[in-house]
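*Asks:* 3D, please:
(4 chains)
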2 protein chains.
Amino acid sequence: MTIAEVAKRYGISADTLRYYEKIGLIPRIGRNKSGIRDYTEDDCHWIEFIRCMRGAGLPIEALTRYIALFQQGEETAEERKLILIDEKEKLEKRISELNDTLDRLNFKIAQYNKPKL
Amino acid sequence: MTIAEVAKRYGISADTLRYYEKIGLIPRIGRNKSGIRDYTEDDCHWIEFIRCMRGAGLPIEALTRYIALFQQGEETAEERKLILIDEKEKLEKRISELNDTLDRLNFKIAQYNKPKL
DNA sequence: ATAATATCTGGAGTAAACTCTAAGTCAAGC
DNA sequence: GCTTGACTTAGAGTTTACTCCAGATATTAT
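*Replies:* Modelled structure (predicted):
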């Protein structure tokens, strides 16, 4: 797949895809004989995964660390798992905070509904 | 209260407090005879509210709109309520997305735990 | 009264995460 | 064979949300 096709598929710009590769957020993409990127299905899965995680606010640093370990092979599985667990716990905290803010927002809206005092 | 006291109370820098005031994220703070800010308890409540909402990712633009309406008086109550409802709905969607990502993370961690195939 | 510390303003600088530009290469259509 | 459009790279520019700085004024301690 060309960069344009992948960009369209995920609604990302080609610039962003190149940027993600440059900073190691996705693996280095293979090139054809003339140096043009050719994305595999595996590459696409990474992109989709990374997009999802970034969308939830996982830090780029944790994700680049994760992908670097992944590329080092099976013996890094335990370390990769720890990264996921760590980020999972942070995400749970974050969701809990957001729920608190949501409660507060609902309370404030209720105040606007009631007070014909 | 001085700006330093408020900064300490909420763990924000004085620069950030001045910045929030400059962009209308909190109301204009009253000054003493020599032009130095004197924060009231009401000012502090605004700061705490805004911090909480910003922490949940509510856009600055919506919050500046909200505070501008608030300062225009009681007749803007309905419009302010609509802003809160709108942001509440966006926050619910966001939390739901985060929960989906959390599920995915848990699934991936489970894969790391199992596969002694 | 003087030195040290805190505050003021306007504006410049910073970091993150893109986003765009320039200059060059390459494949496809006419 | 040449133009058009997509692709390449390195590097500059943008946006958001602060954060810092300079120069001036004010308050506090000695």
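
*Asks:* so, in contact with chain B or not, the helix ranked longest in chain A?
*Replies:* In chain A, assigned by DSSP state H, the helix with the most residues is helix A:77-113. Yes: judged by CB under 8 Å from any CB of the partner chain, helix A:77-113 comes into contact with chain B at A:77-78, A:80-81, A:84-85, A:87-88, A:91-92, A:94-95, A:97-99, A:101-102, A:104-106, A:108-109, A:112-113. Every residue, glycine included, has its C-beta placed from N, CA and C.

*Asks:* spell out which residues of chain A are next to DNA strand D.
*Replies:* Residues of chain A lying close to DNA strand D (CB under 7 Å from any atom of the strand) are A:2, A:3, A:4, A:5, A:14, A:15, A:18, A:31, A:35, A:36, A:37.

*Asks:* run the last query once more with 6 Å
*Replies:* A:2, A:3, A:4, A:14, A:18, A:35, A:36, A:37 (CB under 6 Å from any atom of the strand).

*Asks:* test my guess that the fifth one contacts residue A:7.
*Replies:* This points to residue A:18. No: applying CB atoms under 8 Å as the test, residue A:18 and residue A:7 come out as separate, 9.8 Å apart.

*Asks:* so for these two, which sits in the more crowded spot?
*Replies:* residue A:7 (19 against 14; other CB atoms under 10 Å in any protein chain shown).

*Asks:* buried residues in the host helix or strand of that one?
*Replies:* When elements are assigned from DSSP states H and E, residue A:7 belongs to helix A:3-10. Across helix A:3-10, burial judged by 16 or more other CB atoms under 10 Å in any protein chain shown covers A:3, A:6, A:7.

*Asks:* and residue A:67, how many residues sit next to it?
*Replies:* 19.

*Asks:* oops, could you answer that again for residue A:73 instead?
*Replies:* 8.

*Asks:* okay, it and DNA strand D: tell me how far apart.
*Replies:* Here residue A:73 is placed at a distance of 25 Å from DNA strand D (CB to the nearest atom of the strand, to the nearest Å).

*Asks:* now for that residue: which residues touch it?
*Replies:* Residue A:73 makes no contacts at all, as judged by CB atoms under 8 Å, 6 or more residues apart in numbering or on different chains.

*Asks:* quick one, phi psi at it?
*Replies:* Torsion angles at residue A:73 (phi, psi; degrees, to the nearest 10) stand at phi 110, psi -180.

*Asks:* and what of residue A:67?
*Replies:* Backbone torsions for residue A:67, taken as degrees, to the nearest 10, come to phi -70, psi -40.

*Asks:* now it: how far from DNA strand D?
*Replies:* Counting by CB to the nearest atom of the strand, the gap from residue A:67 to DNA strand D is 18 Å.

*Asks:* need the contact list for that residue.
*Replies:* So residue A:67 contacts A:24, A:25, A:26, A:27, A:46, A:50 (CB under 8 Å, 6+ apart).

*Asks:* what's the PyMOL line that selects buried ones from the residues you listed?
*Replies:* Buried members of the contacts of residue A:67, defined by 16+ other CB under 10 Å, are picked up in PyMOL with:
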select buried, chain A and resi 25+26+27+46+50
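
*Asks:* filter the contacts of residue A:67 down to just the ones in helices.
*Replies:* Short answer: these in helices (DSSP H) are A:46, A:50.

*Asks:* just put the contacts of residue A:67 in JSON lines and tack on pLDDT.
*Replies:* Supplementary listing: the contacts of residue A:67 in JSON lines, determined by pLDDT from 0 to 100:
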{"residue": "A:24", "pLDDT": "92"}
{"residue": "A:25", "pLDDT": "93"}
{"residue": "A:26", "pLDDT": "94"}
{"residue": "A:27", "pLDDT": "94"}
{"residue": "A:46", "pLDDT": "94"}
{"residue": "A:50", "pLDDT": "94"}
